[in-house]
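*Asks:* 3D, please:
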Amino acid sequence: MNRTTIRENAFKLIYSLEIQKAEDLEEQIELFFESNDIREQEATKYIKGAILGIKENESDILKGIEQNLKSDWKLSRISKLDLSILKLAIFEIRYNEIPYKVAINEAVELAKKYGEEKSKKFVNGILASIVKEM
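*Replies:* Sure, this is the predicted structure:
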């Protein structure tokens, strides 16, 4: 499984957790691995690290998104799908030391594949603003 596929699986889990608001993250992660037949150590380590890292830093990640929204926008207005993509990309850039160009490119690709027509521009704009702040 290549890094792009691993990242896509991490996004899918983040999105499902965003919708479910599950309590037991560890259990949800294991169920996701089981149901998607994910056994590779690199994949399980990355996905689990991303999920737990996002949870641990969620308030900081959400604050970063909120600060970069247009003045008439609120977090609640962002689709769960776009929010999931942003959470993963911001986690990668700020906490996982993934080069920002890679993280942004991968996030835009996920937005193209799963999001609405405007998702890729929205995701790209928010992430570009966050990188400028750093």
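*Asks:* Only C-alpha atoms from now on, for both contacts and neighbour counts.
*Replies:* Noted.
*Asks:* can you give me the helices in the protein?
*Replies:* Using DSSP state H, the helices assigned to the chain run over residues 3-20, 25-35, 41-56, 58-67, 80-95, 100-114, 119-133.
*Asks:* give me the number of residues near Phe91?
*Replies:* Neighbourhood size, Phe91 [other C-alpha atoms under 10 Å]: 23.
*Asks:* Need the pLDDT of it.
*Replies:* On the pLDDT scale, Phe91 is placed at 96.
*Asks:* re the thing from before, using JSON lines, lay out the helices of the chain together with distance to Trp73.
*Replies:* Formatted as JSON lines, the helices of the chain follow (distance: least, C-alpha to C-alpha, whole Å):
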{"stretch": "helix 3-20", "distance to Trp73": "19"}
{"stretch": "helix 25-35", "distance to Trp73": "29"}
{"stretch": "helix 41-56", "distance to Trp73": "22"}
{"stretch": "helix 58-67", "distance to Trp73": "8"}
{"stretch": "helix 80-95", "distance to Trp73": "13"}
{"stretch": "helix 100-114", "distance to Trp73": "19"}
{"stretch": "helix 119-133", "distance to Trp73": "12"}
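*Asks:* Mean neighbour count, those: which tops it?
*Replies:* helix 80-95 (a mean of 22; mean count of other C-alpha atoms under 10 Å).
*Asks:* so Gly115 touches Asp82, yeah?
*Replies:* Yes: because the distance of 6.8 Å satisfies C-alpha atoms under 8 Å, Gly115 is recorded as touching Asp82.
*Asks:* So Gln41 versus Glu58, what's the distance?
*Replies:* With distances taken as C-alpha to C-alpha, to the nearest Å, Gln41 is found 25 Å from Glu58.
*Asks:* circling back: relative to Lys74, which of the helices of the chain is closest?
*Replies:* Evaluated with C-alpha to C-alpha, the helices of the chain place helix 58-67 nearest to Lys74, the distance being 6.9 Å.
*Asks:* Quick one: low-confidence residue ranges for this protein.
*Replies:* Nowhere does the chain drop to pLDDT under 70.
*Asks:* run the last query once more with 90
*Replies:* 1, 20-25, 68-77, 96-98, 132-134 (pLDDT under 90).
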